[in-house]
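Participant: sequence first, then the predicted structure, then my questions.
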Amino acid sequence: MIYVFLATGFEDIEAIAPVDIMRRAGLKVQTVSITSEKVVVSAHGVGITADLLLADVDFQEAEMLVLPGGLPGATNLDACKPLTDAIVRHHEAGGPIAAICAAPLVFGHLGVLEGCQATCYPGFETELRGAVCTSAIVEQDGNIITGKGPGAAFEFGYTIVDFFLGEGASLPLRQGMIYAELTEG
């Protein structure tokens, strides 16, 4: 199961677009509220109903942990000790993790980006302790995927699909969603 964690103030498109793309690809994805309620309000005031509460997540079944950015969403994720402890355990066990926009700061604060190439929203590079920061739209270094910001949400989702289903697996989605036309020459 791929878990996408929602905190109050998450960036709408960075959560919903990757979830949509992963589900279109047939990946098993569940959204998880780190609040005490299933409805989580985004940075732009949109209430989204999560599939699960954090207390209901079976981390033994986790295939990937995904963090959308946004503010204060990313800082709320960073302040959630049960989540950050789970990220460290998952990463130490070799499990893949992904974060976009400001959310890579969570990984940076946990020290899991040490020596890895990573990208984030401009201005948050100082929070990515030990990372080799790039300006790429999406960066994949082993089992860590990071995205730059809202405009990278589609590419972030496609990269996760390719991570699980193999390089190029996202091509039919890119074409069907008219994304390929936007990014071609």
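Facilitator: Arrived safely.

Participant: can you give me the pLDDT of Asp162?
Facilitator: pLDDT, Asp162: 98.

Participant: assumed it was part of a strand.
Facilitator: No: counting by DSSP: H, G, I helix; E, B strand; the rest coil, one finds Asp162 to be helix, located in no strand.

Participant: any idea how many residues pack against it?
Facilitator: 18 (other CB atoms under 10 Å). All C-beta atoms are positioned from the backbone trio N, CA, C, and that covers glycine.

Participant: residues contacting it?
Facilitator: Gly168, Ala169, Ser170 (CB atoms under 8 Å, 6 or more residues apart in numbering).

Participant: Phe107 too?
Facilitator: Leu67, Ile87, Ile97, Ala99, Leu113, Ala118, Leu128, Ile144, Thr146.

Participant: going by distance to Arg174, which of those wins?
Facilitator: Thr146 (19.9 Å; CB to CB).

Participant: with neighbour count and pLDDT as new columns, can the contacts of Phe107 be given to me in JSON lines?
Facilitator: Below are the contacts of Phe107 laid out as JSON lines (neighbours: other CB atoms under 10 Å; pLDDT from 0 to 100):
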{"residue": "Leu67", "neighbour count": "30", "pLDDT": "98"}
{"residue": "Ile87", "neighbour count": "24", "pLDDT": "98"}
{"residue": "Ile97", "neighbour count": "23", "pLDDT": "98"}
{"residue": "Ala99", "neighbour count": "32", "pLDDT": "98"}
{"residue": "Leu113", "neighbour count": "28", "pLDDT": "98"}
{"residue": "Ala118", "neighbour count": "25", "pLDDT": "98"}
{"residue": "Leu128", "neighbour count": "23", "pLDDT": "98"}
{"residue": "Ile144", "neighbour count": "20", "pLDDT": "98"}
{"residue": "Thr146", "neighbour count": "33", "pLDDT": "98"}
